[in-house]
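> Turn this into a model:
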Amino acid sequence: MKKKIIASLPLLAMATTGAAFAQSSVQLYGNIDQAVTVVDGENTWSGLNSGGNKDSYFGLRGTEDLGNGLKAQFVLESGINADTGNGDSGSGLDFKRRATVGLLGNFGEVHLGRDETAAYKAMQRYDVFNHAGIGGTQSWGLGNNDDKRKDNLIGYVSPNFGGLTFAANYAFGEQSNSTWKTKAYYDAAVSYSQGPWSATFAAEQQNNSLLGGLDTRQRSYALGAGYDFGVVKMVGAYRQTNNQPQGMADYKDKTYTLGAAAPVGAAGVVKASYNRYERHNMASLDAQKADQFSLGYEHNLSKRTALYGTYSYLKNKDGGTMSLVADSGATLSDSGKQHAVQVGLRHSF
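Down below sits the predicted model:
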């Protein structure tokens with residue numbers, strides 16, 4: 001249950017100026033997720049990781065009713081490395097997950113600041129492991145500067161038109177005298193969700209991503225679809241990033257994702273996924289490949305608390321160097337393989 005702090009602004013306003021203001025509210029919300037993790041490759045590493053099932057974070061969200069269907073809104077959200085108490089940026093707590101202010105109305109939503117991209121928000125539902133932990137897809141980590149959040153962003157989200165929604169962002173590069181005039185980022189996503197069906201198409205462009213010392217323009221396209229059969233929900237996604245380094249041949253990074261989630265009883269969910277990564281080497285343009293297989297079980301103790309366990313296996317090919325837990329210190333085996341297990345507890349508030 002989200003905690004609500006209601007500010008009685010009308011009473012305060014009448015007591016001080018005689019003017020009446022609309023009611024405001026602020027919500028404190030978040031998630032704490034800890035997982036015991038064992039990674040086995042050339043050597044074995046074990047430890048406690050944050051975010052094995054869902055990212056750890058806390059946030060403040062506030063709204064003010066301005067009347068005539070118009071609302072003001074702010075969101076401040078900070079990531080947490082719950083195993084150490086630090087912010088997930090590696091220093092103190094900050095609001096790098098989201099820091100926006102905006103307006104909501106019949107026209108949809110407009111917000112300004114730092115936020116997840118529209119493309120990522122639309123596509124993340126096609127990973128049954130929530131893009132978290134050893135089971136989550138690494139599709140948003142293949143390209144350089146291919147992160148899922150952007151600074152200096154103007155965002156728009158449309159109303160729902162019978163299951164169809166549209167979202168778009170523009171992020172200022174705030175840099176002059178560059179190859180493509182600006183380091184700007186822009187994207188758009190069209191999503192459909194009705195009954196058991198869902199589908200999404202998203203497109204992105206990042207100008208002047210520095211790759212191998214060269215200015216590089218990156219264009220990404222993603223397509224996802226899902227169908228809930230009741231006994232099992234099936235999802236699939238494809239993402240491709242076209243890299244255009246200055247003075248070099250273009251090359252592509254690709255990710256294929258398949259997933260399934262099946263309810264077990266009233267409180268359990270079994271999950272399985274397969275990810276195929278194809279990452280090209282900038283110098284030779286040869287593709288490095290990796291296959292990731294994941295199997296997990298989540299048991300909901302309540303609407304806000306869950307126990308979970310995940311097993312993942314990763315096999316690199318053609319000189320690939322991808323890892324299941326990048327900061328674990330566990331190296332790959334001689335054949336480019338890794339196994340990992342996570343058992344954890346998640347609590348939302």
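> so where is the stretch 201-349 of the chain shaky, pLDDT-wise?
Residues of the stretch 201-349 of the chain meeting the criterion pLDDT under 70: 210-213, 281-285, 326-334.
> Kindly recompute the last result at 80.
Under the criterion pLDDT under 80, the flagged ranges of the stretch 201-349 of the chain are 208-215, 245-250, 280-287, 319-321, 325-335.
> which residue ranges form the helices in the chain?
For the chain, applying DSSP state H gives helices covering 9-16, 118-123.
> weakest of those helices in terms of mean pLDDT?
Among these, helix 9-16 carries the lowest mean pLDDT, a mean of 38.
> what's the closest residue to Ser139 other than its chain neighbours in contact with, if anything?
Distances taken as CB to CB, 6 or more residues apart in numbering place Thr255 nearest to Ser139, at 3.7 Å, with adjacent residues excluded. Placement of C-beta: from N, CA and C, glycine included. The neighbourhood of Thr255, defined by CB atoms under 8 Å, 6 or more residues apart in numbering, consists of 137-139, 142, 237-240, 275-278.
> Could you save the residues you listed as a markdown table and add columns showing neighbour count and distance to Gly67?
As requested, these are exported to a markdown table (neighbours: other CB atoms under 10 Å; distance: CB to CB, whole Å):
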| residue | neighbour count | distance to Gly67 |
| --- | --- | --- |
| Thr137 | 27 | 43 |
| Gln138 | 20 | 46 |
| Ser139 | 30 | 43 |
| Leu142 | 22 | 46 |
| Ala237 | 24 | 41 |
| Tyr238 | 17 | 45 |
| Arg239 | 25 | 42 |
| Gln240 | 18 | 46 |
| Asn275 | 25 | 48 |
| Arg276 | 15 | 52 |
| Tyr277 | 25 | 50 |
| Glu278 | 18 | 53 |
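> quick one: which of the residues you listed is nearest to Gly155?
Arg239 (20.3 Å; CB to CB).
> Tell me if I'm right that the closest one and Gln218 touch.
No. Arg239 lies out of contact with Gln218 (CB atoms under 8 Å); the separation is 12.0 Å.
> how much space between the closest residue to Ser335 other than its chain neighbours and Ala290?
Excluding the flanking residues, the one nearest Ser335 by CB to CB, 6+ apart is Lys315, at 7.6 Å. Taking CB to CB, to the nearest Å as the measure, Lys315 falls 7 Å from Ala290.
> and these two? which has more neighbours close in?
Neighbours were counted for Lys315 and for Ala290 using other CB atoms under 10 Å; Ala290 has more, 24 against 18.
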